[in-house]
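# can you look at this prediction? I've put the sequence above it.
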Amino acid sequence: MDCVSPILDVATRLWDCTAKRVVYIRDLEENLNSLESLTEELSNLSKDVRVSVEREEELQQSRRKHEVDGWLRAVEVMEAEVKEILQNGRQEIQQKCLGTCPKNCRSSYRLGKIVSRKIDAVTELKGKGHFDVVAHRLPCAPVDERPMGKTVGLDLMFEKVRRCLEDEQVRSIGLYGIGGVGKTTLLRKINNEYFGKSNDFDVVIWVVVSKPISIEKIQEVILKKLSTPEHNWKSSSKEEKTAEIFKLLKAKNFVILLDDMWERLDLLEVGIPDLSDQTKSRVVLTTRSERVCDEMEVHKRMRVECLTPDEAFSLFCDKVGENILNSHPDIKRLAKIVVEECKGLPLALIIMGRSMASRKTPREWEQAIQVLKSYPAKFSGMGDQLPSRVFRYGRSCISILKFSYDHLDNPIIKSCFLYCSLFPEDHEIWNEELIDLWIGEGFLNKFADIHKARNQGDEIIRSLKLACLLEGDVSEDTCKMHDVIRDMALWLSCESGEEKHKSFVLEHVELIEAYEIVKWKEAQRISLWHSNINEGLSLSPCFLNLQTLILRNSKMKSLPIGFFQFMPVIRVLDLSDNRNLVELPLEICRLESLEYLNLTRTIDRIKKLTKLRCLMLDYVVGLEVIPSDVISYYDEVGVLRAGVLAIPSWINITLVTVPLFKYISPPCLKVVELPLSTLKTLTVLKFDHCNDLERVKINMGLSRGHISNSNFHNLVKVFINGCRFLDLTWLIYAPSLEFLMVFNSQEMEEIIGSDEYGDSKIDQQNLSIFSRLVVLQLDNLPNLKSIYKRPLPFPSLKEIFLGRCPNLRKLPLNSNSATNTLKEITGHPTWWEQLEWEDDNLKRIFTPYFKTRRL
């Protein structure tokens with residue numbers, strides 16, 4: 001027995017060793033399947049982490065953690081190793097004798113052992129891929145460069161301000177001067193050329209103050225610049241924001257640039273520390289009034305003067321252009337006369353210069369000078385009729401602005417220009433919003449086609465920008481009125497000429513009482529911003545001439561009963577951003593002449609509005625029912641927006657007889673039906689945060705057959721955010737589409753796919769997909785794999801923006817795509833490098849257009 005025991009021990013050890021080796025061979029196929037499954041889970045986790053990282057990097061101004069970056073790289077290496085192992089494993093299994101026994105036991109054993117260890121490694125790596133934080137937030141750039149063109153006559157003043165800023169005893173500076181003299185331009189120059197090149201300050205914050213002062217608005221600007229997460233302060237009280245700003249700024253060398261101040265601002269109430277406690281911090285402000293400099297107790301006040309004659313002539317010539325000035329020997333002499341009338345005021349010189357830029361003959365210049373010189377006499381005769389806000393600019397400035405207005409091409413452009421004064425001072429106006437209002441007003445009625453009307457609206461905004469009557473680059477989507485020009489436009493709209501007392505604009509009136517409303521009985525347009533009408537009024541005002549009512553950003557819960565009872569000709573009703581409003585008076589249903597209704601971020605009930613051409617229902621939280629008789633005739637609809645509909649029902653947009661939104665079960669919005677027959681004039685379509693929306697169904701009605709004979713000819717812009725579409729193949733019915741923006745749609749796999757519409761229809765009918773597309777923006781579509789299966793010519797395409805689309809590996813481009821139009825392709829560098837191309841030459845063609853998205 002003594003000799004048997006060692007033998008059994010050896011035998012046991014040999015069996016254990018052999019059994020373990022046999023397991024590697026026996027379970028090889030099962031382990032390969034497990035390894036493949038685990039690696040797929042790891043890859044999916046890696047994609048999720050990568051999407052989170054890229055979102056943080058692109059949108060939140062963050063940089064990925066080294067730990068996360070290392071893990072993502074390790075996953076890439078692991079995926080490559082596993083791919084090779086799986087390939088070898090499949091070959092090993094295929095070589096089994098009789099399908100069961102390995103041909104080479106040693107090779108199968110070695111491979112089985114590698115697979116087993118790799119399963120452990122993948123499992124371990126997967127366990128490390130759960131990160132609470134994937135990126136560190138980067139500090140904002142200390143200075144945000146402000147847009148600024150060429151300046152004339154500011155160098156000397158800039159140098160004076162620079163010397164003051166370098167004087168440690170001067171910690172606050174007030175720049176004052178008349179409107180249009182160039183105070184804001186000087187402040188931009190200081191921001192860009194002094195603080196932008198200085199390393200002495202931690203942060204430079206630009207705030208447009210305007211009137212009336214809003215402490216909380218100023219606080220929000222400062223907190224955003226200080227990179228404070230919005231959720232930390234959005235719901236905080238003013239006092240809590242003050243404390244947070246004070247704590248953050250106290251530890252910094254800061255600069256606060258306060259533009260367009262009209263009255264004293266308590267800096268401590270905002271949270272800005274006392275400058276006497278700060279060693280290097282500075283405050284610079286601009287204002288029209290030296291009194292404000294006194295009230296702010298600035299250490300140094302500096303008057304911004306008008307330009308010298310030589311500087312004025314230089315600025316004027318720059319705006320007129322050398323071609324005009326040199327078109328006749330007399331024109332330069334006449335130009336000097338015009339410059340004299342401008343009295344050195346930069347705004348007047350710029351506007352007058354642009355106005356004269358199309359006059360090529362001496363006779364045209366002489367006529368303009370004659371008209372220009374006649375205005376002061378007219379204004380002198382008005383005596384006290386000129387309000388103080390206009391009179392303070394001087395009659396020469398008023399003459400210039402009136403001349404520029406009078407010489408606009410036609411009455412339509414003049415009406416469109418004056419309409420901009422209905423917006424608050426320094427308000428940034430979206431072009432699209434402005435054009436919708438113009439359409440509702442009937443300014444662009446000569447166009448039966450809303451698409452053509454919208455194009456005309458764009459052209460009017462462009463011409464007003466070129467005339468310097470609106471601010472903003474011609475290519476920008478927004479515009480703004482200089483406050484001097486707005487004051488002039490308000491005077492023309494409200495207090496002079498044929499329009500006298502026809503428009504009323506009020507801002508920040510806490511409570512409007514009956515005696516005020518009675519004054520508006522002759523008004524054609526009433527614009528109320530951040531103002532509240534007494535809800536308990538029993539008055540039923542009679543507005544027989546009222547065409548426009550804009551009531552935005554009020555705190556009212558309801559409107560006075562009877563308020564809408566006598567508005568027989570009202571065309572435009574804008575009740576947007578009244579978040580507290582819970583109901584509308586029943587008489588609103590009788591406004592049968594209404595053509596524009598905006599309930600964005602407002603309420604839940606409208607009925608029987610028979611002439612609507614523009615309907616906005618964005619962010620209508622709590623909307624439950626819009627009955628089928630809401631709109632009796634809706635064939636002329638031009639703008640339809642329905643976004644963020646937080647509603648427990650299915651929306652079916654049928655519009656055939658024409659109920660707008662018809663609610664039936666099931667309990668969530670899944671399908672939207674678009675009838676071709678009644679939406680032929682639709683130009684803009686938006687689905688915003690319709691979180692359960694899965695499908696758009698095209699109702700062909702009686703229009704069967706060739707797609708090109710029955711489509712949305714006028715649809716130019718489609719915006720989709722937060723929906724569950726798998727594809728957007730229905731866009732083949734939008735041959736005029738110019739802008740396509742799709743964001744945050746997790747399920748989307750294709751843009752133009754191969755579903756019910758079928759490739760066969762596209763191929764057989766030779767449809768030109770995206771032939772007018774100008775801008776394509778796709779962001780956060782993690783499952784998107786294809787825009788279209790084949791290359792497209794894209795003859796109009798200018799911009800492609802692609803962010804967070806990790807599975808989009810190929811673009812529908814070839815050497816003939818966007819050959820003369822493309823300006824840029826914007827995306828993440830990692831995504832760009834992973835793109836697949838037909839050949840290297842194609843990649844070389846498009847690489848010069850690629851730009852990394854800036855943080």
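In hand now; what should we look at?
# only C-alpha atoms from now on, for both contacts and neighbour counts.
OK.
# isn't Pro362 up against Lys332?
No - Pro362 lies out of contact with Lys332 (C-alpha atoms under 8 Å); the separation is 9.6 Å.
# can you give the distance of stretch 188-204 from its chain's centre?
27 Å (C-alpha atoms, centre = their mean, to the nearest Å).
# now do that stretch: distance from first to last residue.
From its first residue to its last, stretch 188-204 covers 12 Å (C-alpha to C-alpha, to the nearest Å).
# now do the buried residues in that stretch.
Using 16 or more other C-alpha atoms under 10 Å as the test for burial, stretch 188-204 gives Arg188, Lys189, Ile190, Asn191, Asn192, Tyr194, Phe195, Gly196, Phe201, Asp202, Val203, Val204.
# and what of stretch 321-333?
Ile324, Leu325, Ile331, Lys332.
# what is the end-to-end distance of it?
Stretch 321-333 has an end-to-end distance of 15 Å (C-alpha to C-alpha).
# contacts for that stretch?
Contacting residues not belonging to stretch 321-333 are listed as Cys317, Ala335, Ala357, Ser358, Arg359, Lys360, Thr361, Pro362, Trp365 [C-alpha atoms under 8 Å, 6 or more residues apart in numbering].
# can I get those in CSV with neighbour count?
Putting the contacts of stretch 321-333 into CSV (neighbours: other C-alpha atoms under 10 Å) gives the following:
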residue, neighbour count
Cys317, 22
Ala335, 21
Ala357, 19
Ser358, 12
Arg359, 16
Lys360, 16
Thr361, 15
Pro362, 18
Trp365, 19
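# in CSV, list these along with distance to Leu223.
Shown next, in CSV, are these (distance: C-alpha to C-alpha, whole Å):
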residue, distance to Leu223
Cys317, 42
Ala335, 48
Ala357, 44
Ser358, 46
Arg359, 49
Lys360, 52
Thr361, 55
Pro362, 55
Trp365, 51
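# so which of those residues sit within strands?
Taking DSSP state E, every one of the contacts of stretch 321-333 sits outside strands.
# need the contact list for Phe201.
Phe201 makes contacts with Pro142, Phe195, Lys252, Asn253, Phe254, Val255, Lys280, Ser281, as judged by C-alpha under 8 Å, 6+ apart.
# at 7 Å what do you get?
Residues counted as contacts of Phe201 (C-alpha atoms under 7 Å, 6 or more residues apart in numbering) are Asn253, Phe254.
# look up how far Arg790 lies from it.
As for Phe201, its distance to Arg790 is 53 Å (criterion: C-alpha to C-alpha).
# cool, and Ser817?
Distance, Ser817 to Arg790, by C-alpha to C-alpha: 11 Å.
# more neighbours, the two?
Ser817 (18 against 12; other C-alpha atoms under 10 Å).
# wouldn't the more buried one be in contact with Phe794 here?
Yes - applying C-alpha atoms under 7 Å, one finds Ser817 in contact with Phe794, separated by 5.5 Å.
# my guess is Lys810 is in a helix, correct?
No - counting by DSSP: H, G, I helix; E, B strand; the rest coil, Lys810 is not part of a helix but coil.
# count of residues packed around it?
Using other C-alpha under 10 Å, Lys810 has 19 neighbouring residues.
# just checking, it touches Leu835?
Yes - if you go by C-alpha under 7 Å, Lys810 and Leu835 touch, sitting 5.7 Å apart.
# my guess is Leu544 contacts Phe566. True?
Yes - when contacts are counted by C-alpha under 7 Å, Leu544 is listed as touching Phe566 (6.5 Å).
# the two: who's more crowded?
Ranked by neighbour count (other C-alpha under 10 Å), Leu544 and Phe566 place Phe566 first, with 18 against 15.
# mind listing what the more buried one touches?
Contact analysis of Phe566 by C-alpha under 7 Å, 6+ apart lists Pro541, Cys542, Phe543, Leu544.
# mind putting the residues you listed in CSV, secondary structure, distance to Ile512 and pLDDT included?
Compiled in CSV, those are given as follows (DSSP: H, G, I helix; E, B strand; the rest coil; distance: C-alpha to C-alpha, whole Å; pLDDT from 0 to 100):
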residue, secondary structure, distance to Ile512, pLDDT
Pro541, coil, 13, 75
Cys542, strand, 16, 83
Phe543, coil, 16, 84
Leu544, coil, 20, 86
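# keep only those of the buried residues of stretch 188-204 that are in strands.
Residues of these located in strands (DSSP E): Val203, Val204.
# looking at the buried residues of stretch 188-204, which are in helices?
Residues of the buried residues of stretch 188-204 located in helices (DSSP state H): Arg188, Lys189, Ile190, Asn191, Asn192.
# and the gap between the closest residue to the third one other than its chain neighbours and Leu737?
Yep, that's Ile190 we're talking about. Computed as C-alpha to C-alpha, 6 or more residues apart in numbering, the closest residue to Ile190 that is not its neighbour in sequence is Phe158, at 6.9 Å. The gap separating Phe158 from Leu737 is 48 Å, by C-alpha to C-alpha.
# of those two, which one has the most company?
Comparing Phe158 with Leu737 by other C-alpha under 10 Å, the one with more neighbours is Leu737, at 25 against 17.
# can you pull the buried residues of the biggest helix by length in the chain?
Of all the segments assigned as helix in the chain under DSSP H, the longest by residue count is helix 28-59. By 16+ other C-alpha under 10 Å, the buried positions in helix 28-59 come out as 28-29, 31-32, 35-36, 38-39, 42-43, 45-47, 49-58.
# just to revisit the earlier point, among the contacts of stretch 321-333, which lie within helices?
Short answer: the contacts of stretch 321-333 in helices (DSSP H) are Cys317, Ala335, Pro362, Trp365.
# quick one: contacts for the third one?
Read it as Pro362. Per C-alpha under 7 Å, 6+ apart, neighbours of Pro362: Asp330, Ile331.
# again, but for the last one
Counting by C-alpha under 7 Å, 6+ apart, Trp365 touches Leu334, Arg359.
# what separation is there between the residue nearest the centre of the chain and Arg772?
The chain has Asp477 as the residue nearest its centroid, 8.4 Å off, counting by C-alpha atoms, centre = their mean. Using C-alpha to C-alpha, we find Asp477 at a distance of 19 Å from Arg772.
# which element, helix or strand, includes Leu802?
Assigned by DSSP states H and E, Leu802 belongs to strand 799-803.
# so Leu573 lies in a strand, does it not?
Yes - per three-state DSSP, Leu573 lies within a strand segment.
# that one: neighbour count?
Counted with other C-alpha under 10 Å, the neighbours of Leu573 add up to 21.
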